[in-house]
Each structure stands twice: as C-alpha cells, then as structure tokens.
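Chemist: Got a sequence here, can you model it:
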Amino acid sequence: MLKQNESYERHEEYLQCVEQSLIRDYLISDEDAQCMVRHSWFLESIRKNAEYIKHHRPEYWASELYRDYQLIRA
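Modeler: Numbers count the residues shown, from 1 in each chain. Next comes the predicted model:
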C-alpha cells in the first residue's frame, strides 16, 4: 500500500495547477492558495478518485474551492 504522501506526490503537478488558477483568477496569495488546496476536502478527493478529479480542468476545481472559501468566510 502506498504511503499517503506518495499518493499525493503523484498528483503534485495537478495540485499546483489548481493553486495557480486560484492565484491568477481569484487573486489569492500563494500561501492561501496552497492552504486552500492542501488543507481541504480536495486533497483527500484526489487521493480517493483521481480519475474523476482530473476529468475536470484545474480551473473548475479552483472555482469550487474558492466558492467554499467564500462560504466559510461569510
């Protein structure tokens, strides 16, 4: 069985694309974008079902994460 970190490393490039979309499209800081991606439901979701997650463009997930972020801040 893969260690949890090894599983995430396989998806590192995709995770970074989602972070870059948050930074570019929603003017989120680098630190906040990384936190939004790596300390949310998204990281567990990509580990459990990468095929479904990667079926969508990173911009789609950035939009979903940003929407959740806005709800939490409200």
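Chemist: all helices of the protein, in order?
Modeler: Along the chain, the segments classed as helices by DSSP state H run 4-9, 12-26, 30-38, 41-48, 50-55, 58-73.
Chemist: Mind putting those helices into TSV with mean pLDDT and mean neighbour count?
Modeler: All C-beta spots, glycine's among them, are computed from the backbone N, C-alpha and C. As requested, the helices of the chain are exported to TSV (pLDDT from 0 to 100; neighbours: other C-beta atoms under 10 Å):
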stretch	mean pLDDT	mean neighbour count
helix 4-9	63	12
helix 12-26	97	17
helix 30-38	95	16
helix 41-48	93	14
helix 50-55	96	12
helix 58-73	94	15
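Chemist: what about Val37, distance to Tyr26?
Modeler: Applying C-beta to C-beta, to the nearest Å, the value for Val37 to Tyr26 is 12 Å.
Chemist: I misspoke; the intended subject was Gln16.
Modeler: Taking C-beta to C-beta, one finds Gln16 at 16 Å from Tyr26.
Chemist: Could you do Cys17 as well?
Modeler: Note on Cys17: its distance to Tyr26, by C-beta to C-beta, is 14 Å.
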